[in-house]
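1. A predicted structure for the sequence below; I have some questions about it.
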Amino acid sequence: MANTPVVPFVDLALQHVPLQDELMAAMAAVAARGDYILGNAVSQFEQTFASTCQTRFGVGVGSGTDALTLGLRACGLGPGDQVILPVNTFVATLIGVLQAGATPIFVDCDLETGLIDLAAAERAINGRTRAIIPVHLYGQMVCPKTLRRLSERHDVIIFEDAAQAHGAERDGVMAGSVGLAAAFSFYPSKNLGAMGDGGMVVTQRELVAQTVKSLRNYGSTRKYYHTDPGGTNSRLDTLQAAILNIKLAHLAKWNCDRNRLAKLYDQALAPLSQAGLRPMVNHSGSGHVYHLYVIRLTDDCAIDRTRLQQELAVQGIQAGIHYPVPCHLQPAFHHLDYRPGDFPVAERLSQQILSLPMYPGMTEDQLTYVVEAVTKHIQAAPVLI
Ligand SMILES: *Cc1c(COP(=O)(O)O)cnc(C)c1O
């Protein structure tokens, strides 16, 4: 094996150690029951996860990308409909819109939080706009009050991409419960992760839930009678649901740990603000679930991001960039006809951000080691005059 990092970016196996026996028993129970497709564990997990989000219905699907695609379709979105989304998101948000057949309309983001710029979103609304997808990036929710006001004023659907925000809350509103429906992912590294792929659409509307149930199952609600075009095979796996049922009970505690670690990072990195290094801003206090802990090397910062990331790697610290290329500059989406300079804030952010290690169970010693490595590197840099 290559050298194990002193501080890995995430440690996925760590969270399973104390749950080992329970997880094994749950998997053995599925094996014994034999309900491998849409089994008991799936409906159980759909109900508990939906109620955690303070929503009425949850429908488990094969991935977060499919939750976006099928969720958008079930909300009635398709060809001819414009859907507004932030340009600085994981590419799956865009893929969901495209697979639903709708037209993506990008908008820029806020420099301090990385969240969608809602003033820009409002300016982008026109007669063909049917929906806005707020992405609760890094685990922080986009302001629910402003979203609901936008939705009412312009008669547009709010469909949340909550793939990074399981259990997040802002102003008393839970992620997933802001608008008509929301998509979650259970990709292993998410705040609530399976041991494989998985996703869910949550909604308050029974018709939306029923439609997703049909779409995930070949477009049929009754075996061999197919009523919904746009159907596919994308079901949350029963084994994954059995695992998620056990892990869900620990989500709040894990999120608390992330929030606590983030506060420690914020405090320890505060002295570097003069040198131009600043954490992304938290407007939701303890409701921020820190899927990622992201810092920004601002215009005033004398150090080079690549050099810092390399230096950390030498010290055994894995850092990441989420994301290095905004969606409009990805070669695959050239045909959407955007250009460099179209979204100056997102483009600048993509050059300045760095995600530091963050996961439940990361120790304070590890955090201190990261902070010291960053601090030393910055102090050694020449001062900008
Ligand atoms: C992970 C993620 C997705 C996609 O989820 P998958 O389960 O990997 O398909 C969508 N949107 C965002 C913001 C994500 O972080």
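-> Looks like it came in fine. Numbers count the residues shown, from 1 in each chain.
2. so where do the strands sit in the stretch 101-250 of the chain?
-> 103-107, 129-132, 157-161, 169-170, 173-174, 181-185, 199-203, 220-222, 225-226 (DSSP state E, counting those that start in this stretch).
3. can you list contacts of the first one?
-> Residues lying outside strand 103-107 but in contact with it, judged by C-beta atoms under 8 Å, 6 or more residues apart in numbering, are 80-87, 94, 97-98, 116-117, 120-121, 124, 128-129, 327-328, 336, 338, 342-343. C-betas here are computed from N, CA, C, even on glycine.
4. Mind doing that once more with 7 Å?
-> 81-87, 94, 97-98, 116-117, 120-121, 124, 327-328, 336, 338, 343 (C-beta atoms under 7 Å, 6 or more residues apart in numbering).
5. Okay, and which of the residues you listed map to strands?
-> Of the positions in the contacts of strand 103-107, 82-86 sit in strands, assigned by DSSP state E.
6. Show me which residues of stretch 41-49 are buried.
-> 41-42, 45-46, 49 (16 or more other C-beta atoms under 10 Å).
7. Return the subset of these lying in strands.
-> Per DSSP E, the subset of the buried residues of stretch 41-49 in strands is empty.
8. For the strands of the stretch 101-250 of the chain, give me JSON lines that also has distance to Gln267 and mean pLDDT.
-> Below are the strands of the stretch 101-250 of the chain laid out as JSON lines (distance: least, C-beta to C-beta, whole Å; pLDDT from 0 to 100):
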{"stretch": "strand 103-107", "distance to Gln267": "33", "mean pLDDT": "98"}
{"stretch": "strand 129-132", "distance to Gln267": "35", "mean pLDDT": "98"}
{"stretch": "strand 157-161", "distance to Gln267": "30", "mean pLDDT": "98"}
{"stretch": "strand 169-170", "distance to Gln267": "22", "mean pLDDT": "98"}
{"stretch": "strand 173-174", "distance to Gln267": "27", "mean pLDDT": "98"}
{"stretch": "strand 181-185", "distance to Gln267": "31", "mean pLDDT": "99"}
{"stretch": "strand 199-203", "distance to Gln267": "34", "mean pLDDT": "99"}
{"stretch": "strand 220-222", "distance to Gln267": "53", "mean pLDDT": "90"}
{"stretch": "strand 225-226", "distance to Gln267": "57", "mean pLDDT": "90"}
